[in-house]
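Chemist: Just to be clear, the model below is a prediction. Sequence and coordinates:
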Amino acid sequence: MFPPPRLPISSMIFHPLSVFSSHPSTSSSFAHPSKQLQTVCWNRSFKISLRNHYRKLIHSAKKQYYSHLVNSSSENPRRLWQTANRLLHRKSSSPLPSSTSVTSLGDSFASFFTDRIFRLRISLTSISPAVSPHTPSP
């Protein structure tokens, strides 16, 4: 393996992948085939090392950003859970029923409680009166 060339930092700051478009300065018609193969292998390994370095930089930047988000909301549990849900792209379901008209929403509300009261009456009548704790003892 050949060592990677030393590039000025300024050439990598604007766009680190622009280095990929460079080709060796030797003309292919005068270069020896083994030299061409070495140049191709060297360019490929250089591109791979640049890609890996670029990925590591992105990974560390994301890690730092997310750590800052979590640390900034760590004292408030509600904000911490909101941050976690936002980072995990979780959508909260609406606790309200989906209804288009106000009258149908009112009707469903009334029927819900009417049904609950009816079930409660049935369950209370099935209990024998002697077992009730509220009846006075003779």
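Modeler: Looks like it arrived, so ask away. Residues are numbered from 1 along each chain as shown.

Chemist: what about the longest helix in the protein?
Modeler: When the chain is parsed with DSSP state H, its longest helix is helix 33-72.

Chemist: Could you identify the helix or strand that succeeds that helix?
Modeler: Counting by DSSP states H and E, the element after helix 33-72 in chain order, helix or strand, is helix 77-87.

Chemist: how about that following helix: buried residues?
Modeler: For helix 77-87, a neighbour-count test (16 or more other Cβ atoms under 10 Å) marks 80, 83 as buried. No exception for glycine: its C-beta is placed from N, CA and C like everyone else's.

Chemist: ok so, going back, and the angle from the longest helix of the chain to helix 77-87?
Modeler: Note on geometry: by axes from the mean of the first three to the mean of the last three Cα atoms, to 10 degrees, helix 33-72 and helix 77-87 are set 150 degrees apart in direction.

Chemist: buried ones in helix 33-72?
Modeler: Buried residues in helix 33-72, defined by neighbour count with 16+ other Cβ under 10 Å: 39, 42-43, 46, 50, 69.

Chemist: elements contacting it?
Modeler: Helix 33-72 sits against helix 77-87, with contacts defined as 3 or more Cβ pairs under 8 Å, 6 or more residues apart in numbering; DSSP states H and E.

Chemist: Can I get the helix it packs on as PDB, trimmed to CA atoms?
Modeler: Output in PDB follows, covering the C-alpha atoms of helix 77-87 (Å, rounded to 0.1, in the frame of the first residue of the first chain):
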ATOM      1  CA  PRO A  77     -38.900  14.700  32.100                       C
ATOM      2  CA  ARG A  78     -41.700  16.000  29.800                       C
ATOM      3  CA  ARG A  79     -39.300  17.700  27.500                       C
ATOM      4  CA  LEU A  80     -37.000  14.700  27.600                       C
ATOM      5  CA  TRP A  81     -39.800  12.400  26.400                       C
ATOM      6  CA  GLN A  82     -40.900  14.900  23.800                       C
ATOM      7  CA  THR A  83     -37.300  15.000  22.500                       C
ATOM      8  CA  ALA A  84     -37.000  11.200  22.500                       C
ATOM      9  CA  ASN A  85     -40.300  10.800  20.600                       C
ATOM     10  CA  ARG A  86     -39.200  13.500  18.100                       C
ATOM     11  CA  LEU A  87     -35.900  11.900  17.500                       C
END
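
Chemist: Cool, thanks, talk later.
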